[in-house]
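Dropping a prediction and its sequence here:
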Amino acid sequence: MDTKRDMKQKNPWHRQLTVVIAFLFVWGIIALVTTAVVQNKPLPKNSKYGIVLDAGSSHTSLYIYEWPAEKQNDTGVVQQLHVCHVKGPGISSYAMDPEGAGRSLQDCMDEAKRIIPERRHEETPVSLGATGGMRLLKLQNPEGSEKVLSSVEKTLSSSPFEFQGARIITGQDEGAYGWITVNYLMGNFKQGSGWLNLWPKPETTETLGALDLGGASTQITFVPEGEIESLESSLYFQLYGNKYNVYTHSFLCYGKDQALKITLAKQLQGHVPDSLVDPCFNPGFIKNMSVHSIYSSPCTAGESYTTNTQGRFLLKGTGNAQQCRENVKQIFNLTHCPSSSCSFNGVYQPQLQGNFGAFSAYYFVMAFLNLTTSERPVTLVEVKEKLREFCSTPWQTLKENFTNVKEKYLGEYCFSGTYILTLLETGYKFSPENWNTIRFIKKIGDSDAGWTLGYMLNLTNMIPSEAPCSPPLPHAGYISLMVIFSLLLMGLLVTGWLCFGKTTCTSQKEVV
Ligand SMILES: Nc1ccn([C@@H]2O[C@H](COP(=O)(O)OP(=O)(O)OP(=O)(O)O)[C@@H](O)[C@H]2O)c(=O)n1
Ligand SMILES: [Ca+2]
């Protein structure tokens, strides 16, 4: 007791000092936590936007993309905000009424004006890419295709957005941008951010191959294991500091609508009867077809034919998947291959490698046939069995069971399913062993799989070739660590002070 009293007498500031330090300590903690909270408060959304119109052979879709203004070069930040499906057919169907092509886009452009905030309109890029249908129209009627492009250009350039062109994209670009889209959305273009910067990057990053099936053309794109033998099928990308040698090929006329025309033309063999019995359509299915609709395409232009007087014939389904397969196989020429390995029609294709995402019509058809929604991949045997069963279903039963499906689509699913199977197996050489590398996909996250996102990323230079320099820690991580370290330091200080105080006491005691 005496000792304590003595200490207080010797150090009258002892109590006050303890109170001040305790106060400063609490105040410091509150200040640090407040700073961290305020600093990491979500900022008001500051988005940028981009518009791409996919002018396909069968229809046009307008996609609006959105990304945070301050992070446009990061991987995976651009997301699909909205899609608007243009009413009516694809723009290539407007060759006889070019003004109609531009007019058809107006509703979707108005929708985009409503969705994108007005203050961003002027700086929002809008571009249109036309694919297989317009490539075919250009071959057949170059003047008509120019007029259609001018018409859509007029509509897009009269919008408040920043018009960046309406053009026919090459099949190679279509394949490449589809591959960029799926891999960007999957986050496969590793950016080496944060702590990852501290470790060397792996030599190769696995990417997903892209299979796109349209109405007029189809694309296959993937990174093969070895060298790519053909220069015209080879693309080189450097994205986020990673190098990619990509194989791509686009088959014009092997989209599923044109493939059907070629398959029918092969069966007609130039002689148009009054009716054609076809195993690729369900039993009881009857359709009155115009001969012109089959032979007017550049894809069947090589075939000579004599028509009956009406210029029409009846297509009658028998629903035999096996025979349908045989008919479809005939449109794949497998007799010559000038390279070490080929897909079909003498086109070079390296050995298949890695996993594949199959989208657009691949997805529409396989989803309808219930061959996509399974926890485990559906085997090739199961696909064949499903097609056998579906094709043999009477047309009347199908119509009764699927009242909500468009008749045009419904009538063609037997052919389409068989075509997809044949294209993948006979064409691209997928086998029972590697069939499970294919996933039929519509979306990745909220964004549709397709070429448009990749097209926009490229057009707006949003994929840097080098990984952008970034601090080793994300901002929130940095603040948290600063708080933790500061608390530790303070704790240390207080402990030190207490110990120092005690030592002084002890020594003082000894002195006393
Ligand atoms: N629910 C749906 C929607 C479309 N389709 C079919 O899918 C094909 C169109 O696929 P899409 O990828 O939209 O082709 P496009 O982009 O229009 O054609 P391309 O890429 O060749 O220009 C058409 O045959 C259409 O009949 C379908 O079977 N079921
Ligand atoms: Ca398409």
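Arrived safely. Residues are numbered from 1 along each chain as shown. Ligands and ions are numbered 1, 2, ... in the order given.

How many residues are close by the residue lying closest to residue 171 once chain neighbours are set aside?
Ranked by C-beta to C-beta, 6 or more residues apart in numbering and with sequence neighbours excluded, the top spatial neighbour of residue 171 is residue 250, at 2.4 Å. Backbone N, C-alpha and C define where each C-beta goes, glycine included. Other residues within reach of residue 250 by the criterion other C-beta atoms under 10 Å amount to 26.

Can you mark which positions in the helix or strand residue 250 falls within are buried?
Per DSSP states H and E: residue 250 is located in strand 242-252. Neighbour-count burial for strand 242-252, counted by 16 or more other C-beta atoms under 10 Å, picks out 242, 244, 246-252.

how about it as CSV, C-alpha atoms only?
What follows is strand 242-252, C-alpha atoms only, in CSV (Å, rounded to 0.1, in the frame of the first residue of the first chain):
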residue,chain,number,x,y,z
ASN,A,242,-0.8,-14.7,-73.3
LYS,A,243,-0.1,-16.0,-76.8
TYR,A,244,-2.7,-18.1,-78.6
ASN,A,245,-2.4,-20.0,-82.0
VAL,A,246,-6.0,-20.6,-83.0
TYR,A,247,-7.4,-22.8,-85.7
THR,A,248,-10.7,-21.6,-87.3
HIS,A,249,-12.8,-22.5,-90.3
SER,A,250,-16.1,-21.3,-91.5
PHE,A,251,-18.2,-23.5,-93.8
LEU,A,252,-20.5,-21.3,-95.9
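
same for that strand, what does it pack against?
Packed against strand 242-252 by the contact rule (3 or more C-beta pairs under 8 Å, 6 or more residues apart in numbering; DSSP states H and E) you find helix 132-140, helix 171-186, strand 217-222, strand 234-239.

sorry, back to before: any idea of the pLDDT on the residue nearest to residue 171?
At residue 250, the model reports a pLDDT of 98.

Kindly compare burial across the helices and strands packed on strand 242-252 and name the winner.
Between the helices and strands packed on strand 242-252, the one whose residues have the most neighbours on average, counting mean count of other C-beta atoms under 10 Å, is strand 217-222 (a mean of 28).

orientation of that strand relative to strand 234-239 in degrees?
Using axes from the mean of the first three to the mean of the last three C-alpha atoms, to 10 degrees, the direction of strand 217-222 lies 60 degrees away from that of strand 234-239.

Return the angle between stretch directions for strand 217-222 and helix 171-186.
Taking the same axes, to 10 degrees, one finds that strand 217-222 is oriented at 60 degrees with respect to helix 171-186.

So strand 217-222, near ligand 1 or not?
Yes. Using C-beta under 6 Å from any ligand atom as the criterion, contacts between strand 217-222 and ligand 1 involve residue 217.

how many other residues sit next to the residue of the stretch 201-350 of the chain found nearest ligand 1?
Taking C-beta to the nearest ligand atom as the measure, the stretch 201-350 of the chain has residue 214 as its residue closest to ligand 1, at 2.2 Å. A count of neighbours around residue 214, defined by other C-beta under 10 Å, yields 27.

Could you do residue 118 as well?
Neighbour count for residue 118, taken as other C-beta under 10 Å: 9.

now do residue 25
Neighbours around residue 25, by other C-beta under 10 Å: 15.

what separates it from residue 13, distance-wise?
With distances defined as C-beta to C-beta, to the nearest Å, the gap from residue 25 to residue 13 amounts to 17 Å.

And residue 47, by the same measure?
Look at residue 47 and residue 13: by C-beta to C-beta, they are 58 Å apart.

Same check on residue 339?
Using C-beta to C-beta, one obtains 91 Å as the distance from residue 339 to residue 13.

which of those two has more neighbours?
For residue 339 against residue 13, the residue with the higher neighbour count under other C-beta under 10 Å is residue 339, and the figures read 13 against 9.

which residue packs closest to that one, ignoring adjacent ones?
The spatially closest residue to residue 339, leaving aside those adjacent along the chain, is residue 348, at 3.9 Å (C-beta to C-beta, 6+ apart).

any bit of stretch 240-258 sitting next to ligand 2?
No. Using C-beta under 5 Å from the ion, stretch 240-258 stays clear of ligand 2, coming no nearer than 7.8 Å.

distance between the ends of that stretch?
Between the start and the finish of stretch 240-258 there is a gap of 38 Å, counting by C-alpha to C-alpha, to the nearest Å.

Please compute how far it lies from its chain's middle.
13 Å (C-alpha atoms, centre = their mean, to the nearest Å).

Look up which helix or strand the nearest residue to residue 331 once chain neighbours are set aside falls in, please.
Nearest in space to residue 331, with sequence neighbours left out and distances taken as C-beta to C-beta, 6+ apart, is residue 262 at 4.8 Å. Counting by DSSP H and E, the element that carries residue 262 is helix 256-268.

Other residues contacting stretch 232-244?
Residues outside stretch 232-244 that contact it (C-beta atoms under 8 Å, 6 or more residues apart in numbering) are 75, 172, 176, 180, 189-192, 201, 205, 207, 223, 228, 245-249, 347-349, 463-467.

where do the helices sit along the stretch 1-150 of the chain?
With DSSP state H, counting those that start in this stretch as the criterion, the stretch 1-150 of the chain has helices at 2-10, 14-39, 98-104, 106-115, 132-140, 142-157.

List, one by one, the residues from the stretch 151-300 of the chain near ligand 2.
Counting by C-beta under 5 Å from the ion, the stretch 151-300 of the chain sits next to ligand 2 at residue 214.

so where's the stretch 151-300 of the chain uncertain?
Confidence mapping of the stretch 151-300 of the chain against pLDDT under 70 gives the ranges 191-205.

hmm, 50 instead?
For the stretch 151-300 of the chain, applying pLDDT under 50 flags the ranges 193-197, 199.

do the chain as well
Using pLDDT under 50 as the threshold, the predicted model of the chain has low-confidence ranges 1, 193-197, 199, 505-512.

quick one: residue 148 and residue 90 touch, right?
No. Using C-beta atoms under 8 Å, residue 148 makes no contact with residue 90, being 9.9 Å away.

which neighbours do those two share?
Contact criterion C-beta under 8 Å, 6+ apart; residues bridging residue 148 and residue 90 by contacting each: residue 134.

So these two - more neighbours on which side?
In this view residue 148 and residue 90 are compared by other C-beta under 10 Å, and residue 148 has more residues nearby, 31 against 26.

Name the nearest residue to residue 206, sequence neighbours excluded.
In space, and not counting its chain neighbours, residue 206 is closest to residue 354: 6.3 Å by C-beta to C-beta, 6+ apart.

what's the burial count for the nearest residue to residue 372 once chain neighbours are set aside?
Taking C-beta to C-beta, 6+ apart as the measure, residue 372 lies nearest to residue 440, with 4.3 Å between them; neighbours along the chain are not counted. Residue 440: 23 surrounding residues under other C-beta under 10 Å.

what's the spacing between residue 440 and ligand 2?
For residue 440, the distance to ligand 2 (C-beta to the ion, to the nearest Å) stands at 15 Å.

Return the set of residues that bridge with that residue.
When bridges are called by DSSP bridges, residue 440 pairs up with residue 358.

since we're on residue 314, how many residues are nearby?
The burial count assigned to residue 314 is 13, neighbours taken as other C-beta under 10 Å.

how close does residue 143 get to residue 96?
Taking C-beta to C-beta as the measure, residue 143 falls 12 Å from residue 96.

Quick one: residues contacting the closest residue to residue 224 other than its chain neighbours.
Counting by C-beta to C-beta, 6+ apart, residue 224 lies nearest to residue 350, which is 3.7 Å off, once chain neighbours are set aside. With C-beta under 8 Å, 6+ apart as the criterion, the residues that contact residue 350 are 224-226, 228-229, 247, 341.
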